[in-house]
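Student: Sequence first, predicted model second:
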Amino acid sequence: MKILVVGGGGREHAILRALRKSPAATELWAAPGNGGIAADGFVCRAIPATDLDAMTAFAKEEAFDYVVVAPDDPLALGLVDRLAEAGIPAFGPNAAAARIEASKVFSKNLMKQYGIPTADYAVFTEPAAALAYIQQKGKYPVVIKADGLALGKGVLICPDEAAAREALHEMMEEKVFGASGTRVVVEEFLTGPEVSVLAFCDGETVKPMVSSMDHKRALDNDEGLNTGGMGTIAPNPFYTPAVAERCMEEIFLPTVRAMQAEGCPFKGCLYFGLMLTPDGPKVIEYNCRFGDPETQVVLPLLHSDLLTIMQACTNGTLADTPVEFDKGSAACVILASGGYPQKYPKGLPIEGLAENGQLAQSDAVVYHAGTAAKDGGLVTAGGRVLGVTATAADLPAALAKAYAAAACIRFEGAHKRTDIGRRALAALAEQNK
Ligand code: AMP
Ligand code: GLY
């Protein structure tokens, strides 16, 4: 089969590498891909993921047998619908089902209507009304979320009324997130460990993957700004079998049934961002796609054939398809450009990688997020540059291997967190007492 993966980050690289293990995947392409993905042997074509006309035309012209749409925006714009019209089967939800991520108002209302546990909330289109509600509740911090997609930055946690006022002004009047801020969700602040669970869905059946933990803040000890994610570990030790069972009954199955009942069955990878609160697991957010960098620790542990599973999601045969994971652990450490998630330089030479963009001396895998080819080598080309992933029998060994491998890669101003997995290790130590 000739397969196209749409997107060009570390997540897409991880999907491509997992697909490469499938005997049926004879040709693997990426659009746009990136320099490091091309160095790793995948054919890249520089088409922006959001250019639906160009992408659909390209998919027809190259006669792909199957397309995997990985990022949120082309899913929300309806690339899967467009490909279906062109007769090309694709992995991912259609635009109607992608609303579960693309509109927080849609997802919050869905959860309320179907009794799926989540933070209390209200929706506003007027800043004055939102502020009056916040003042009347008088509980801080309060969480304010832009309705639409905002590159993972549309969530503001406001410690007091002044901050809430400022957040509403920025989102609703200054429109710093564009049209995404036309409506906002004001919600209760929840506490507890966070767990990411990615799940394969075929519209009816849901099969969760191994759990993971993201590290969203830029700096150690969860300080600094929110980022797309600075590192991940899997499995997440807070996600015990008892918690998993509860999530299946109270969250996963009800969500898939709710989407069916709403006439937009979800097919693809549904990402549950969960918080394990003192009142039980609650949904913080849904994503309509694989998480990044969660995918970089989840897919290396997948034992079953990814292509077979993806096709089963598209065809509605997931119930009969095994989804099995290895027993070990995985850790991913992100190397980011200095200054990320704010302004950062591009075009800096990356040292320490072999010609194929991998490490010669380590069996850790380097997933390329923001790299470009230049003068026969690779240079930085994004905020998150590389994700270094190692798998091992247990989490301490996976972390040690990932950090040792990451230390072999250099570029000017490179930044990584040094405490990926620390909270998970503490939880494991507690459990083993
Ligand atoms: P999101 O972009 O929706 O993933 O939100 C980013 C981060 O904000 C989440 O990973 C949480 O850490 C935090 N967050 C979002 N909603 C809440 C909430 N209701 N209570 C506490 N933290 C939250
Ligand atoms: N790592 C969080 C996300 O993919 O949205």
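Tutor: Thanks, I have it. Numbering: from 1, shown residues only. Ligands and ions are numbered 1, 2, ... in the order given.

Student: can you pull the pLDDT of Lys153?
Tutor: Per-residue confidence at Lys153 stands at 73 (pLDDT).

Student: ugh, typo on my part, it should be Arg257
Tutor: 98.

Student: Now do the contacts for it.
Tutor: Tyr114 (Cβ atoms under 8 Å, 6 or more residues apart in numbering). Quick note: C-beta positions are derived from backbone N, CA and C, even for glycine.

Student: hmm, who's touching whichever strand or helix holds Thr308?
Tutor: Here Thr308, judged by DSSP states H and E, is contained in helix 306-315. For helix 306-315, the external contacting residues (Cβ under 8 Å, 6+ apart) are 1, 3, 15, 18-19, 21-22, 24-25, 66, 68, 89-91, 200-202, 207, 267-269, 299, 318, 320-321, 323.

Student: What is the following helix or strand past that helix packed up against?
Tutor: Counting by DSSP H and E, the next helix or strand C-terminal to helix 306-315 is strand 329-336. Here strand 329-336 touches strand 231-234, helix 295-298, strand 384-392, helix 395-406, going by 3 or more Cβ pairs under 8 Å, 6 or more residues apart in numbering; DSSP states H and E.

Student: Check the average confidence over strand 329-336, would you?
Tutor: Per-residue scores along strand 329-336 average to 98.

Student: That one and ligand 2, any residue contact?
Tutor: No. Judged by Cβ under 6 Å from any ligand atom, strand 329-336 makes no contact with ligand 2; its nearest approach is 10.3 Å.

Student: Just give the number of residues close to the closest residue to Glu166 other than its chain neighbours.
Tutor: Distances taken as Cβ to Cβ, 6 or more residues apart in numbering put Cys158 closest to Glu166, at 7.8 Å, once the chain neighbours are dropped. Look at Cys158: counted by other Cβ atoms under 10 Å, it has 20 neighbours.

Student: Report the contact partners of the residue of the stretch 251-400 of the chain found nearest ligand 2.
Tutor: Here the stretch 251-400 of the chain gets closest to ligand 2 at one residue, Gly291, 3.5 Å apart by Cβ to the nearest ligand atom. By Cβ under 8 Å, 6+ apart, the residues touching Gly291 are Arg11, Ser196, Leu198, Ser212, Asp214, Gly229, Tyr271.

Student: Now do the contacts for His215.
Tutor: Contacts of His215 by Cβ under 8 Å, 6+ apart are Asp222, Gly229, Met230, Gly231, Thr232, Arg417, Asp419, Ile420.

Student: surely the residue nearest to Glu166 meets Lys139?
Tutor: No. Contact criterion Cβ atoms under 8 Å: Cys158 and Lys139 do not qualify, at 11.0 Å.

Student: buried set for the helix holding Thr308?
Tutor: Leu306, Leu307, Ile309, Met310, Gln311, Ala312, Cys313, Thr314 (16 or more other Cβ atoms under 10 Å).

Student: thinking again about what came up before, which of the contacts of helix 306-315 fall within helices?
Tutor: Ile15, Ala18, Leu19 (DSSP state H).

Student: Can you give me the pLDDT of the first one?
Tutor: Translated: Ile15. Reported pLDDT for Ile15: 98.

Student: just Gly9 next, same as before
Tutor: 98.

Student: Residue numbers of this protein in contact with ligand 2?
Tutor: Checking the chain against ligand 2 by Cβ under 6 Å from any ligand atom, the hits are Gly152, Asp214, Gly229, Asn287, Gly291, Asp292, Glu294.

Student: let's go with 8 Å and repeat that
Tutor: The chain comes close to ligand 2 at residues 11, 152, 196, 214, 216, 228-229, 232, 271, 273, 285, 287, 289-294, as judged by Cβ under 8 Å from any ligand atom.

Student: And the residue of the stretch 1-150 of the chain found nearest ligand 2, how far from Val379?
Tutor: Residue of the stretch 1-150 of the chain nearest ligand 2, by Cβ to the nearest ligand atom: Arg11 (7.5 Å). Separation of Arg11 from Val379 (Cβ to Cβ, to the nearest Å) stands at 21 Å.
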